[in-house]
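S.K.: Sequence first, then the predicted structure, then my questions.
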Amino acid sequence: FLRFLPSPIKYKESYLKIKVNKEEKIKDLVANLYKIGYKRESIVNKTGEIAVRGYIIDVFPINYRNPIRIEFWGDEIERISEFDIDTQISKDRLQEIIITPTTEFIIDKELEEEPKHRDLINYIKPSSILDYLDNPIIFYDDKKAIEKSFELLTEEIEDYKINNELDKN
C-alpha cells in the first residue's frame, strides 16, 4: 500500500510502440526510455539497459527474451531486429515492438539524461495499488505489525529528507 506506483493510465500510456519506417528522433526515443526506467550502458548485457552508438540503439526490454537493435536512417527507423547478447550479431528482424517500463517510477517531465534516484519524487505523481483495484476487500493479519512498519517507514522518510536536505514539509 505504501509503494509508489504510476497512475494506471500513465503506466499504459508509457508503453513505447516502435515500428519500422516510423519517423522518430534518436534523442526523443532515448529520453522516453529514460522516462520508463531504462539505464544507459556502453553495451547491453541485461534487461532494462540501453546503449546508443551513432544511429543504433540497443535496448533490452523486460518483455522480450532477447535484446533489440533499432537502426535509424536519419530520423526514420530503418530496421528492428533481435540480437544475440553474447555475439552482438543481429538475427530475427521485426516490423514493430512494444517496450514496457522497467520501473514503477514513470517520469512525467522531458529529460535529457537519466534522473538521479534520489530526485525521482520531483519527477512523478505517485499512485498506490488501490488505484489499480476496483472496490477491493482488504484483509490484514497483524494490525500492530502494520502500524510498526508504517512508523519505521515514516522515520526513514524523515531521515532521508534531512540527509538529502529536502523540504521538510
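M.R.: Good, I have the coordinates.
S.K.: from here on, contacts and neighbour counts on C-alpha atoms
M.R.: OK.
S.K.: shaky segments in this structure?
M.R.: With pLDDT under 70 as the threshold, the chain has low-confidence stretches at 1-3, 107-126, 164-169.
S.K.: Which parts of it are helices?
M.R.: 8-13, 26-35, 143-163 (DSSP state H).
S.K.: Return the distance of the first one from the chain's centre.
M.R.: Taking CA atoms, centre = their mean, to the nearest Å, the mean C-alpha location of helix 8-13 is offset from the chain mean by 12 Å.
S.K.: Tell me the buried residues in that helix?
M.R.: residue 11 (16 or more other CA atoms under 10 Å).
S.K.: what's the spacing between residue 56 and residue 26?
M.R.: Residue 56 sits 8 Å away from residue 26, going by CA to CA, to the nearest Å.
S.K.: any common contacting residues for the two?
M.R.: Shared contacts of residue 56 and residue 26, defined by CA atoms under 8 Å, 6 or more residues apart in numbering, comprise residue 72.
S.K.: Settle it for me: which of these two has more neighbours?
M.R.: residue 26 (21 against 17; other CA atoms under 10 Å).
S.K.: how far away is the more buried one from residue 106?
M.R.: 20 Å.
S.K.: Ok, residue 153 next?
M.R.: 22 Å.
S.K.: more crowded one of the two?
M.R.: Neighbours were counted for residue 153 and for residue 106 using other CA under 10 Å; residue 106 has more, 25 against 13.
S.K.: Name the nearest residue to that one, ignoring sequence neighbours.
M.R.: Excluding the flanking residues, the one nearest residue 106 by CA to CA, 6 or more residues apart in numbering is residue 36, at 5.2 Å.
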